[in-house]
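Enquirer: This is a predicted model, with the sequence first.
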Amino acid sequence: MACRSAAVMLALLTVLPAQTALAEADGPLTPGPESPLVPGAASAVESLVPGVPPGPRQPWQEPADTPDQMLPPEVYTPDAREDAVEPRDAAAGSDALIEYVPPSDAADRALTCSRRTGPYQRQVERWLKLKADGKQSGGDCRAIRTFQTRHGIKPATGFAGPVTWARMQLLSARENPNAAGKCRVRSSRVACVDLTRQLTWVQKGKKVLWGPVPMRSGRAGYRTRTGQFKIYWKHKNHWSTLYNSPMPYSQFFSGGQAFHAVYGSVYDPHGSWGCVNLRLADARTLWDVLRKGDRVSVWGRRAGT
């Protein structure tokens with residue numbers, strides 16, 4: 001068992017239906033047939049693709065998401081020669097904030113403002129201090145587009161998707177990610193994994209040593225286990241023999257579940273197959289922050305699981 005990324009998005013991008021340009025409106029807008037329903041619902045996940053036009057594969061669509069084995073790996077001590085090898089860098093643009101949108105929105109190059117009600121519509125409206133009615137309007141779209149443009153989220157079409165909401169949650173958590181006190185405060189280092197907000201950070205006492213950063217946890221049926229754990233093995237160049245795929249900067253804490261980098265997008269709405277997936281740069285930094293024996297606290301629940 002393993003937690004691959006959603007390479008399935010590539011199949012969705014192969015043939016995308018065309019859609020005529022949609023103009024901005026001031027009144028409520030009616031969701032189209034491809035509109036997501038609720039966060040995490042199967043139909044919602046299946047209807048969203050990266051918001052880029054059909055064409056050559058983009059770096060953030062790379063299907064090299066690394067599988068996460070459910071069973072504990074074979075633990076051994078890497079020699080100095082192996083540890084001296086750094087995992088390959090991610091392709092340029094892999095960390096781009098590419099919003100996941102309905103296929104027709106991705107296909108329409110002329111689209112300026114999405115009429116679709118996004119899966120995180122109400123949450124985004126509330127964050128922007130708009131009327132939180134969960135319905136897309138022209139005013140909602142313009143406000144969301146302004147936020148997306150300011151934070152480099154593409155396409156900036158006002159669709160309230162998972163990337164836009166994830167960015168808002170990260171901004172809200174930066175000053176004090178443990179404001180709700182969900183992560184246990186100890187005198188030693190603790191890696192905190194918030195499945196609800198899809199954020200992770202490291203704290204010592206009440207001081208945040210690293211993060212918070214966005215992450216991706218397990219999908220429905222392969223949930224990341226909650227509870228209190230310890231880092232029991234660190235393997236910089238771990239390779240899944242089960243799926244013949246790399247798992248860079250792996251730090252195992254529960255069976256085959258580990259922190260590790262992925263070469264695709266951590267915002268993929270499908271989720272991982274159990275591990276805590278990180279952007280390559282974040283996983284590389286976390287590798288130097290955590291030590292064997294450090295505690296890991298996991299709580300909450302990813303939407304749709």
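Expert: Great, that's in hand.
Enquirer: I'd like the distance between residue 122 and residue 136.
Expert: Distance, residue 122 to residue 136, using CB to CB, to the nearest Å: 11 Å. Backbone N, C-alpha and C define where each C-beta goes, glycine included.
Enquirer: Summarise which helices and strands the longest strand belonging to the chain is packed against.
Expert: For the chain, the longest strand by residue count, based on DSSP state E, is strand 245-254. Under the contact criterion of 3 or more CB pairs under 8 Å, 6 or more residues apart in numbering; DSSP states H and E, strand 245-254 touches strand 227-230, strand 233-240, strand 257-262, helix 280-289, strand 295-299.
Enquirer: Now tabulate these in TSV and tack on mean pLDDT, distance to residue 83 and mean neighbour count.
Expert: Output for these, formatted as TSV (pLDDT from 0 to 100; distance: least, CB to CB, whole Å; neighbours: other CB atoms under 10 Å):
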stretch	mean pLDDT	distance to residue 83	mean neighbour count
strand 227-230	98	21	14
strand 233-240	91	6	19
strand 257-262	95	16	28
helix 280-289	97	11	18
strand 295-299	98	22	21
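Enquirer: so can I have CSV of these showing distance to residue 214?
Expert: Shown next, in CSV, are the helices and strands packed on strand 245-254 (distance: least, CB to CB, whole Å):
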stretch, distance to residue 214
strand 227-230, 21
strand 233-240, 21
strand 257-262, 12
helix 280-289, 8
strand 295-299, 16
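Enquirer: mind checking which of the ones you listed is nearest residue 72?
Expert: strand 233-240 (8.3 Å; CB to CB).
Enquirer: Distance from the closest one to the middle of the chain?
Expert: 21 Å (CA atoms, centre = their mean, to the nearest Å).
Enquirer: What pairs with that strand, parallel or antiparallel?
Expert: strand 245-254 (antiparallel) (DSSP bridges).
Enquirer: In the strand it pairs with, which residues are buried?
Expert: 245-254 (16 or more other CB atoms under 10 Å).
Enquirer: how close does residue 160 sit to residue 289?
Expert: For residue 160 relative to residue 289 (CB to CB), the value is 33 Å.
Enquirer: Revised request: answer the last question for residue 266.
Expert: Distance from residue 266 to residue 289, by CB to CB: 18 Å.
Enquirer: nearest to residue 90, of the buried residues of strand 245-254?
Expert: residue 248 (9.3 Å).
Enquirer: tell me the contacts of the closest one?
Expert: Taking CB atoms under 8 Å, 6 or more residues apart in numbering, we find residue 248 in contact with 66, 87-88, 236-238, 260-261, 280, 283-284.
Enquirer: Who does it form a beta bridge with?
Expert: Here residue 248, judged by DSSP bridges, has bridge partners residue 237.
Enquirer: and if you look at residue 210?
Expert: residue 202.
Enquirer: Now do residue 51, the pLDDT please.
Expert: We have a pLDDT of 89 for residue 51.
Enquirer: from what I can see it touches residue 102, true?
Expert: No. Using CB atoms under 8 Å, residue 51 and residue 102 do not qualify as a contacting pair, with a distance of 9.1 Å.
Enquirer: joint contacts of these two?
Expert: residue 159.
Enquirer: Skipping adjacent residues, who's closest to the residue nearest the centre of the chain in space?
Expert: When CA atoms, centre = their mean is applied to the chain, the residue found nearest the centroid is residue 267 (2.8 Å). Excluding the flanking residues, the one nearest residue 267 by CB to CB, 6 or more residues apart in numbering is residue 163, at 4.8 Å.
Enquirer: Make sure the one you found is indeed in a helix.
Expert: Yes. Assessed with DSSP: H, G, I helix; E, B strand; the rest coil, residue 163 lies in a helix.
Enquirer: How much space separates it from residue 245?
Expert: 24 Å.
Enquirer: And for residue 276?
Expert: Residue 276 is 17 Å from residue 245, by CB to CB.
Enquirer: What's the local residue count around the nearest residue to residue 95 once chain neighbours are set aside?
Expert: Leaving aside its sequence neighbours, residue 95 sits nearest to residue 279 (CB to CB, 6+ apart; 5.5 Å). Residues near residue 279, counting by other CB atoms under 10 Å, number 22.
Enquirer: Kindly report the same for residue 185.
Expert: Based on other CB under 10 Å, the number of other residues close to residue 185 is 14.
Enquirer: do residue 132 as well
Expert: Residues near residue 132, counting by other CB under 10 Å: 15.
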